[in-house]
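Asker: Test case, fold it:
(one chain, ligands or ions: 2)
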Amino acid sequence: PHVLLLGAPGAGKGTQSKRLAETFDIEHVTTGDALRANKDMDISHMDTEYDTPRAYMEAGELVPDEVVNEIVKTALSEADGYVLDGYPRNLDQAEYLSEITDLDVVVFLDVSEEELVDRLTGRRVCDECGANYHVEFSPPEEEGVCDECGGDLIQRDDDTEDTVRERLRVYEENTEPVVEHYRDEGTLVEVDGEGTPDDVFEAIRGEVEAAT
Ligand code: AP5
Ligand code: ZN
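Answerer: Ligands and ions are numbered 1, 2, ... in the order given. Sure thing, here's the model as predicted:
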C-alpha cells in the first residue's frame, strides 16, 4: 500500500508509521528522520535563507521545499509500498507529491493542542537507535537509558516549549491547508489520535486494509 500519515507535530506519526511499516512490510519514509540524519548538509548553493537543515529545524521552521522534495523523490523511487510521514507539509509539496506518486489512503491523526504540547515536551529519544519514549506515557525501565539498546535518551533540540509552540504555529499556517486539500478531494480519513498507541494503531490498520 501507499499510505500517507498526516498530523500535527507530536500527533504520533513516527510511532504509528514504524508499526505500519513492520505490519505491512513497507518502507517508512520520513523527511524528519532523513533531515536529522543530514542536519549539517551544505545547502547554501540552493539560494536558501540558512546554510543547513539544522538551522531551520532548530527554529521550528520548514526546510526549503527543494531539499525535502528531492529526499522524498529518491526514497519513493526505491520503495514499493510505503508509509509517508512528515511530508507534504505545505500545498506546494502536496502538488509535487501528486506528480511523483499515487496514494491509496491519507490518514489524519487528530490530537488536541494541549495533548500535543505535553507529548512533545515529554518526549525522549535514543541517540543510538532512535527509539521513542515519553517521560510519563511510555517511560523506559531505567531513567535515561534505552530499553532496546542501552543508549542514552536525549531531548530533541526542537522539543523545547518555545520551539514546540513555533512548530505548531507553522503547522497551522502551512500544513492544515494540506489536510483540507485531501479532505476536499475525498481521500482523507480521520482517526482519533488520543487513544493508547495500540488503539490508534488498530484504527489506522483498519483504514489501510479497507482502502487496499
Ligand atoms: P518531524 O521530525 O517530521 O517532526 P514533527 O512533524 O514535528 O513530528 P514529530 O516527530 O515531532 O511527532 P510525531 O507526530 O512523529 O509524534 P511521535 O510519534 O514522535 O520534523 C521536524 C522538523 O524537520 C520540522 O520542524 C522541519 O523543520 C523539518 N521538516 C520535516 N519534514 C519537512 C518537510 N516535509 N518540509 C519542510 N521541513 C520539514 O510522538 C510524540 C510523543 O508522544 C512521543 O514521546 C511518543 O512516545 C508519544 N506518543 C505517541 N503516541 C502516543 C499515544 N497514543 N498516547 C500517548 N503518547 C503518545
Ligand atoms: Zn536505543
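
Asker: neighbours around Gly130, how many?
Answerer: 16 (other C-beta atoms under 10 Å). C-betas here are computed from N, CA, C, even on glycine.

Asker: give the contact list for Val135.
Answerer: Going by C-beta atoms under 8 Å, 6 or more residues apart in numbering, Val135 touches 122, 124.

Asker: Which residues are in contact with the closest residue to ligand 1 within the chain?
Answerer: When C-beta to the nearest ligand atom is the measure, the chain has its nearest residue to ligand 1 at Gly32, with 2.0 Å between them. Contacts for Gly32 were tallied using C-beta under 8 Å, 6+ apart; they are 14, 85-86.

Asker: at 6 Å instead, please
Answerer: With contact set as C-beta atoms under 6 Å, 6 or more residues apart in numbering, Gly32 has these partners: Gly86.

Asker: same check, this time on Ala211
Answerer: Counting by C-beta under 6 Å, 6+ apart, Ala211 makes contact with 104-105.

Asker: what are the phi and psi values for it?
Answerer: The phi and psi values for Ala211, taken as degrees, to the nearest 10, are phi -90, psi -10.

Asker: Please apply the same query to His28.
Answerer: Given degrees, to the nearest 10, the pair of backbone angles that His28 has is phi -100, psi 110.

Asker: these two touch, right, it and Ala21?
Answerer: Yes. Distance between His28 and Ala21: 3.9 Å, which falls inside the contact criterion (C-beta atoms under 6 Å).

Asker: Need the overlap of contacts for these two.
Answerer: Overlap of the contact sets of His28 and Ala21 (by C-beta under 6 Å, 6+ apart) consists of Val83.

Asker: The residue of the chain closest to ligand 1: what secondary structure?
Answerer: Three-state assignment for Gly32 (DSSP: H, G, I helix; E, B strand; the rest coil): helix.

Asker: Val3: neighbouring residues, count only.
Answerer: By the criterion of other C-beta under 10 Å, Val3 has 26 neighbours.

Asker: which element is it on?
Answerer: strand 2-7 (DSSP states H and E).

Asker: How far does the helix or strand that that strand is followed by sit from its chain's centre?
Answerer: Past strand 2-7, heading to the C-terminal end, the next element that is a helix or strand (DSSP H and E) is helix 13-24. The chain centre lies 11 Å from the centre of helix 13-24; the measure is C-alpha atoms, centre = their mean, to the nearest Å.

Asker: send the alpha carbons of helix 13-24 over as CSV?
Answerer: The C-alpha coordinates for helix 13-24 follow below in CSV (Å, rounded to 0.1, in the frame of the first residue of the first chain):
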residue,chain,number,x,y,z
LYS,A,13,3.1,9.9,13.1
GLY,A,14,6.5,8.4,13.9
THR,A,15,5.2,6.0,16.5
GLN,A,16,2.5,4.7,14.2
SER,A,17,4.5,4.7,11.0
LYS,A,18,7.1,2.4,12.4
ARG,A,19,4.3,-0.1,13.3
LEU,A,20,2.6,0.2,9.9
ALA,A,21,5.9,-0.3,8.1
GLU,A,22,6.5,-3.6,10.1
THR,A,23,3.0,-4.9,9.8
PHE,A,24,2.5,-4.2,6.1
